[in-house]
Every structure is written in structure tokens, then in C-alpha cells.
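S.K.: need the 3D shape of this:
(one chain, ligands or ions: 2)
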Amino acid sequence: VNTVRAATSAGALALVVDDDIEASEALARSLVDLDVRARKVTTAAEALALVDEERFDVVITDVRMPGMDGLQLCARLAQVRPELPVVVLTGLGNLATAVAALRARAYDFLTKPLDLELLAAAVDRAVQHKRLSEEVYRLRAEVDATANLSGLVGGSSTMRRVHETIAHVAPSDATVLVCGETGTGKELVARQIHDLSPRRCGPFVSVNCAAIPSPLLESEFFGHARGAFTDAKTARVGLFVEAHRGTLFLDEIGEMPLEMQVKLLRVLQGRTVRPVGSSTDVAFDTRIVAATNRDLEEEVSHKRFREDLFYRINVVRIDLPPLRERGSDVLVLAQRFLAAGAARAGQPALGLSTDAAEKLLAYHWPGNVRELENCMERAMAFAKNRPIGAGDLPPNIVAYRPDRFTVEANDAAEIVTLGQLERRYVMRVLALLGNNKARAAARLGIDRRTLYRKLEHWEQLRSRPDRQPIEGEAVHGRC
Ligand SMILES: Nc1ncnc2c1ncn2[C@@H]1O[C@H](COP(=O)(O)OP(=O)(O)OP(=O)(O)O)[C@@H](O)[C@H]1O
Ligand SMILES: [Mg+2]
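M.R.: Ligands and ions are numbered 1, 2, ... in the order given. Next up, the predicted model:
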């Protein structure tokens, strides 16, 4: 049989459920002959516990067993592990049981005594089925992630990478660390990971680690027993258990005090918590997504964040780019906020004028998407029924002149000329050195007279009535 078999199920892992030890051993031997690894249990309860721990490709169960029988097991597995195919073993000629098995959403049934070739074919089909349904699931998650309009907006290359990572990790239980400046959408990413995961029907619990006073952290996270301390009139389950079978979002994890970090690490490793004042551990099955706007590696190097905890949470990392690095996403988002505002007011959406769009593209958005959202709400109030003009935007955005010096341009629209770059850099160095021209020239490695000449040249350009735009004055340009 081995030689003609397609390798579909080779290396697969099967769970054999049968209270008859001899029968299950014989079956396990047959499976091994088929290159399928097998684990054996004698009750449905054990089977249900084991599928939580290991990734089986197929379950093969007998029907008649003490306690929960094979058909009940089948129905239960269809609920909790819909992607896991179950093959039910029935007595020869027992059609009623076979029909009942299929009704209980068994994937297939086999009659005893087992025929090795039929077994091989059934296991192959089941394993193939499982792989396909996982693949379909993954693809659907990917499509949902990119097409989900209410979710994370953005088609720039930097955001496309974010979408791809989300779609890729959401179906797993991997711990995710979301990093990004304030207002970049870290919480939205965490929610999306939850919504696209098999845990979507479970709870999404969000906690801001910075907002909980230190003395309360332990009982908030791990729970407490009744009477554990003066105010503990009733027992309380902590956040880890509250998010059981769902996702716990640990926002601003970089703010967690060091002594709490030690406890957190222990809990994440053991997947159990011990409530304050209790003597027993409580197990939980909670996916962790953490977020921070700090540079955690830097925090680690300054011993403000524990290295071991950092590695524990930095399994999959999503770096959310600041809004200023998302190119025309700014305009897509602006329009999305205009449309949402209009829908709330029951009115048609306002347009965006070209000069407003230019200002939005040029601005550096220190508050990122949240700042843009507020900016568009304000603009809607000002513009009433007209398209949004530059005058409807906050003055700091209208007046903004990009003068940052960085060479990290990610976007072709951000490229400036060498002349512009030179002027910006010189001005920046002068500003940093308290406008001391002698020191600036020394630091720039040029003659003092050369510096004066350059400054004079730029000054003349500025004061000429028919002047061309001065280097560095470009509206969109940020380099
Ligand atoms: N890509 C996006 N598409 C649509 N809305 C977005 C996007 N990113 C952020 N938002 C919106 O911007 C606001 C800020 O997002 P969020 O609260 O997730 O940011 P954050 O990174 O958690 O900020 P903070 O660090 O300040 O907590 C929210 O209203 C969110 O819905
Ligand atoms: Mg947040």
C-alpha cells in the first residue's frame, strides 16, 4: 500500500479514540504503516482535552464508549474545531450509525473490521480536506483584511505590508507587538487581528497599562480572591481570564513597572494566573497583542524594560508607519473621515479642494491619523456645504513649512534638490548651534566666508520681487 499511496497524509498526526485498547493499538499500527503518526486516548473527554494541546490532522473515533460516545464527540468537535475532520468507525452493515455519524458532522465513516486501503484513502481525503479548509480560511482572512472598508484604511506600500502581516498572523495564536507613534492606529490593528482570528466570537479586552495605578496592577491582571484585601468584597477574575478564548490587548506595555513585568512574563510562559490571595492557579487561553509608542529595544538597553519579556512579546512585530510616511493615504483617509462625518449627519460628503489637499500632504502629522481625524471634523464644521478649502484647516497646518532635515525619504514625492537639501541642512545646523556662524561653519567643515556667501545668496533670492521659490520652500517637499 505504501508504494502506491500519494503522500498526502504522510507525516500527518491522527488522534485515535477507542476504549478498546487492543483495537486502538491495531489501528495505530496500521496508521504507522501508512506513515501517519498516531496518539491514542480511551475517552471522548481526553480527546477534547488533547485537541486543545496538539494540532491533529484527523480524529478517528469508535462510537460506543463509556461516557460521551463517538457521535457526541463528533458533534462537539464540529463546534469547537470545525476544521478538524472526524472519521467514525461503525460496525459492519450498521447503516443507521453511519447516517447518524454524518448528521453529527463526521467527515467520513469506516466499517469494522478495517480495510487498510479504505483506511488509507479516508485518512488521505481527511488530511487533504483539513489542509484545504485551512488554506481557504487563510485566504478569506487575507481578502477580508484588504477589503474590509470599516477597518484599517491605506493602500500605500508601507501600509500594504501591515495589511499582509495582519492577514498572515491573525489566524494563529502568535503574540503580536504593535509599535508606532501616537495615533497611528495601534488599537485598530489589534482589533483587526482579533476580528480576523478564529477567536473573533470571543472577547476583545483592551487595557491601557499606563492607566492602572501600580498597587492595583496585579489584581486587575490576575484577579483576586474574596477578602484578599480590604476592598475585595467579592472575588474578581483578572483580565487574562476575562479574555479567555479571546484576545487581550496590552496597550502601552512600555509603561509597565519592572516588578510587574517579571510577573507578567511568568504568566505568559505558564499560561496560568494565580489571583491575589488565592492558592490555586487558573488556566487561560488568551491571545496577547501588545502595543507601545516607545522604542522598546532602547528601553531594554537602558534596563527600563526587561529583555526576557521583550523577547516573549516580540514574536511577530508590526511597525505602523507614521502618517507622514504613507504618501497619498492621507487623502484617502481624509476623504474617509469626510464620508463618515457626512453619514453621521445624514448629508452628502463634502469634497476636498486641491489647495487643502496640498496642505494635508505637506504637513508632518505628529498626532498621525487621530490628528487628521480631528482636523477633518473641524474642517467640516467650518466648510458647511462647500468643498473643504485650505482656509478650513487649522492654522498650524496651513502655515506649516517643512524644514526637517532627514534623508529618509520613502516616497518619490518627498525628493528635493541638492540645493534645497543644502539650505535646509545649513539652517538646521545654525539653529542647533544658537545661530553661531563661526561654529556652524566649523561643524559643516567649510570656510566661514563660504557660509556667509551662501546665506547672502539665499537672502537675495528671498528679497527679489520676481523671485523663484527659494530652495527649501517647496510645499510638499520634505526630505
Ligand atoms: N488606517 C486607519 N484607517 C482608519 N482609521 C484609522 C486608521 N488608523 C487610525 N485610525 C483612527 O485613528 C484614531 C486613532 O487610532 P488608534 O486609537 O488605534 O491609535 P493608537 O496608535 O492606538 O494611538 P495611541 O498611541 O495614542 O493610543 C482612531 O479613531 C482610529 O479609528
Ligand atoms: Mg491606543
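S.K.: please enumerate residues in contact with stretch 62-71?
M.R.: Applying Cβ atoms under 8 Å, 6 or more residues apart in numbering, the external contacts of stretch 62-71 come out as 17-20, 23-24, 42-45, 61, 76, 88-90, 97, 100-101, 104, 106. All C-beta spots, glycine's among them, are computed from the backbone N, C-alpha and C.
S.K.: now do that stretch: distance to the chain's middle.
M.R.: Stretch 62-71 sits 40 Å away from the centroid of its parent chain (Cα atoms, centre = their mean, to the nearest Å).
S.K.: now do the same for residue 205: helix, strand or coil?
M.R.: strand (DSSP: H, G, I helix; E, B strand; the rest coil).
S.K.: contact partners for it?
M.R.: By Cβ under 8 Å, 6+ apart, the contact list for residue 205 reads 239, 242, 243, 246, 247, 248, 249.
S.K.: any idea what it is bridged to?
M.R.: residue 248 (DSSP bridges).
S.K.: show the pLDDT at the residue of the stretch 201-350 of the chain found nearest ligand 1.
M.R.: Nearest residue of the stretch 201-350 of the chain to ligand 1: residue 293, at 4.9 Å (Cβ to the nearest ligand atom). We have a pLDDT of 94 for residue 293.
S.K.: ligand 1 contacts on this protein?
M.R.: Contact residues, the chain versus ligand 1 (Cβ under 6 Å from any ligand atom): 152-154, 180, 182-188, 293, 333, 369-370, 373.
S.K.: go again with 8 Å.
M.R.: For the chain, the residues in contact with ligand 1 (Cβ under 8 Å from any ligand atom) are 151-154, 159, 178, 180-190, 208, 251-252, 291, 293, 320, 329, 333, 336-337, 368-370, 372-373.
S.K.: low pLDDT regions in the protein?
M.R.: 1-7, 136-150, 402-416, 463-479 (pLDDT under 70).
S.K.: ok, now with 50
M.R.: Scanning the chain for pLDDT under 50 picks out 1-3, 144-149, 405, 467, 471-479.
S.K.: which of the contacts of residue 205 tops the neighbour count?
M.R.: Counting neighbours by other Cβ atoms under 10 Å, residue 249 leads these with 27 neighbours.
S.K.: now the buried members of the contacts of stretch 62-71.
M.R.: Using 16 or more other Cβ atoms under 10 Å as the burial test, those include 17-19, 23-24, 42-44, 61, 76, 88-90, 97, 100-101, 104, 106 as buried.
S.K.: just the ones in helices from those, please.
M.R.: Members of the buried ones among the contacts of stretch 62-71 lying in helices (criterion: DSSP state H): 23, 24, 44, 76, 97, 100, 101.
S.K.: and the strand or helix carrying residue 161, which residues are buried?
M.R.: Element membership of residue 161, judged by DSSP states H and E, is helix 157-169. For helix 157-169, a neighbour-count test (16+ other Cβ under 10 Å) marks 158, 159, 162, 163, 165, 166, 167, 169 as buried.
S.K.: which element is the closest residue to ligand 1 within the stretch 251-400 of the chain on?
M.R.: The stretch 251-400 of the chain approaches ligand 1 most closely through residue 369 (3.5 Å), counting by Cβ to the nearest ligand atom. Using DSSP H and E, residue 369 sits within helix 368-383.
S.K.: how about that helix: buried residues?
M.R.: Under 16+ other Cβ under 10 Å, the buried positions of helix 368-383 are 368, 369, 371, 372, 373, 375, 376, 379, 380, 383.
S.K.: convert that helix to PDB, retaining C-alpha atoms only.
M.R.: In PDB, the C-alpha atoms belonging to helix 368-383 read as follows (Å, rounded to 0.1, in the frame of the first residue of the first chain):
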ATOM      1  CA  ASN A 368      -0.900  61.000  13.000                       C
ATOM      2  CA  VAL A 369      -4.300  59.600  12.000                       C
ATOM      3  CA  ARG A 370      -6.000  60.800  15.100                       C
ATOM      4  CA  GLU A 371      -4.900  64.400  14.400                       C
ATOM      5  CA  LEU A 372      -6.100  64.000  10.800                       C
ATOM      6  CA  GLU A 373      -9.500  62.800  12.000                       C
ATOM      7  CA  ASN A 374      -9.800  65.800  14.300                       C
ATOM      8  CA  CYS A 375      -8.700  68.100  11.600                       C
ATOM      9  CA  MET A 376     -11.300  66.900   9.200                       C
ATOM     10  CA  GLU A 377     -14.100  67.200  11.800                       C
ATOM     11  CA  ARG A 378     -13.100  70.800  12.400                       C
ATOM     12  CA  ALA A 379     -12.900  71.400   8.600                       C
ATOM     13  CA  MET A 380     -16.400  70.100   8.100                       C
ATOM     14  CA  ALA A 381     -17.800  72.500  10.700                       C
ATOM     15  CA  PHE A 382     -16.100  75.400   9.000                       C
ATOM     16  CA  ALA A 383     -16.800  74.500   5.400                       C
END
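S.K.: helices or strands next to that helix in the packing?
M.R.: Packing partners of helix 368-383 (3 or more Cβ pairs under 8 Å, 6 or more residues apart in numbering; DSSP states H and E): helix 329-345, helix 354-362.
S.K.: redo that, cut-off 6 Å
M.R.: For helix 368-383, the elements it packs on are helix 329-345, judged by 3 or more Cβ pairs under 6 Å, 6 or more residues apart in numbering; DSSP states H and E.
S.K.: list the buried residues for the helix it packs on?
M.R.: When burial is assessed from 16+ other Cβ under 10 Å, helix 329-345 yields the following buried residues: 329, 330, 332, 333, 334, 335, 336, 337, 338, 341.
S.K.: just put these in CSV and tack on distance to residue 227.
M.R.: Output for the buried residues of helix 329-345, formatted as CSV (distance: Cβ to Cβ, whole Å):
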residue, distance to residue 227
329, 53
330, 55
332, 55
333, 51
334, 54
335, 56
336, 51
337, 50
338, 55
341, 50
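S.K.: just so I have it, where are all the strands in the stretch 201-350 of the chain?
M.R.: Per DSSP state E, counting those that start in this stretch, the stretch 201-350 of the chain carries strands over the ranges 204-208, 223-224, 236-237, 247-251, 272-273, 282-283, 287-292, 316-319.
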